[in-house]
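> got a predicted model here, sequence first, then my questions.
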Amino acid sequence: MSGQGPAGAADWLAALTGDAEIRDRLSPARQLLDMLRVEAAHARALGAVGQVPADIGERAARAIDALPIDHARLAREAQRDGMPVPGLVRQLRAAVPGDLAAAVHTGLTSQDVMDSALMLALGDVLALIEGRIRALDAALDDLAGRFGAAPLMARTRMQAALPITIGDRIEVWRAPLAHHLARLAALRPGLLRVQLGGPVGTRGSFGDSSGDRGDAIARAMAADLGLAPAPCWHTERAALAELGGWLSLVSGSLGKIGHDIALMAQQGVDAVRLRSGGRSSAMAHKANPVGAELLVTLARFNAVQLPGMHLALDHEQERSGISWTLEWLILPVMIEATGAGLRVALALLGNIERMGEAGGKER
């Protein structure tokens, strides 16, 4: 979701199609803070279950929280290791006092850290997206109150059909939003879960072949991080694929709104008037419905990402470096596209000056 340009240049494509707030929450710097939170929660959990003395676990957690990260070194080592966690752990172990070493990353894997960190980020961005959906619903309700009684020609297969009102069309736009919120509420419990499997997903790396100690550590970590406890889901990625589907559904609903408004704004139809539109470099008379067009573009963008999330369901054997990396490429841009669509939709609705057939009754 970012354009290319010289260093320091304004990123026009990100300004047009991106979302700075969500991009910041998913940024590498914030990811590292989330990973440190996971490492600290793990150290405290080791102390809570007696894997290490409780004071050792707590002191290690405080040391991890205070660690200054060498980001340039981490980037160099991640290029070699294929992920940032091995380099991060090397920095952790070099920085903490030697008597705390047993509480640093003992029994964890890179995937445990990165998957749990992702869940922390998703908790925040999904709350942000939910708030925007609710704001969009309120904005549509306001439009219905202002223009709902105005006449509108319904169009089927883009041909004039029978008269309806603006309120009828707005209700079609609003209806999916409640369903999206209900789906999100149902999705969250099975999505926002701690990841703790150890090297091969059996939780056997904590000196207990039954996995009971690993289960106790997972519960303690989950409580610390505000996530749900869960069995290891190293290779079971359905919840992330479902999230991708939900993001595409939300974007699709926004695309419907945008497509309708773009058609309503056509010269000769004039069923909506916007206060301002995009300018043309060649035709001064034009006011292009850029926001409406963007909603369609972002909907189609997310739709074409979705097969990639389904391809990433195939995590071979006990861990995949292939499908896991594919998730890293696809999921963040889908989240940002959804957030951007909601941002654009709210601005577009705020830009509406009139709705209804030209010359018809307005409220």
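Received it, and whenever you're ready, just let me know what you need.

> and whatever helix or strand L346 lives in, what does it pack onto?
Taking DSSP states H and E as the criterion, L346 maps to helix 322-350. Contacts defined by 3 or more CB pairs under 8 Å, 6 or more residues apart in numbering; DSSP states H and E place helix 322-350 against helix 20-25, helix 110-147, helix 238-264, helix 290-311. C-beta coordinates here come from the backbone N, C-alpha and C atoms, glycine included.

> closest to P189 out of the ones you listed?
Each of the helices and strands packed on helix 322-350 has some distance to P189 by CB to CB; the shortest is helix 238-264, at 9.6 Å.

> next, the buried residues of that closest one.
Buried residues in helix 238-264, counted by 16 or more other CB atoms under 10 Å: 239-258, 260-262, 264.

> could you dump the helices and strands packed on helix 322-350 to CSV with distance to L192?
Shown next, in CSV, are the helices and strands packed on helix 322-350 (distance: least, CB to CB, whole Å):
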stretch, distance to L192
helix 20-25, 15
helix 110-147, 5
helix 238-264, 9
helix 290-311, 17
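
> tell me which of those helices sits nearest to T202.
With CB to CB as the measure, helix 110-147 is the member of the helices and strands packed on helix 322-350 nearest T202 (12.4 Å).

> just checking, what packs against the closest one?
Applying 3+ CB pairs under 8 Å, 6+ apart, we find helix 110-147 packed against helix 20-25, helix 28-48, helix 85-95, helix 166-191, helix 212-225, helix 238-264, helix 322-350, strand 352-355.

> now do the fourth one against helix 110-147, angle only.
Yep, that's helix 166-191 we're talking about. Interaxial angle of helix 166-191 relative to helix 110-147 (axes from the mean of the first three to the mean of the last three CA atoms, to 10 degrees): 160 degrees.

> and for the third one?
For helix 85-95 against helix 110-147, the angle between stretch directions is 110 degrees (the same axes, to 10 degrees).

> got the contact list for A347?
The contact partners of A347, by CB atoms under 8 Å, 6 or more residues apart in numbering, come to G291.

> correction: P199
For P199, the contact set (CB under 8 Å, 6+ apart) comprises T109, S205.

> now with 10 Å?
Counting by CB atoms under 10 Å, 6 or more residues apart in numbering, P199 touches G107, L108, T109, Q111, D112, S205, H234, E318, R319.
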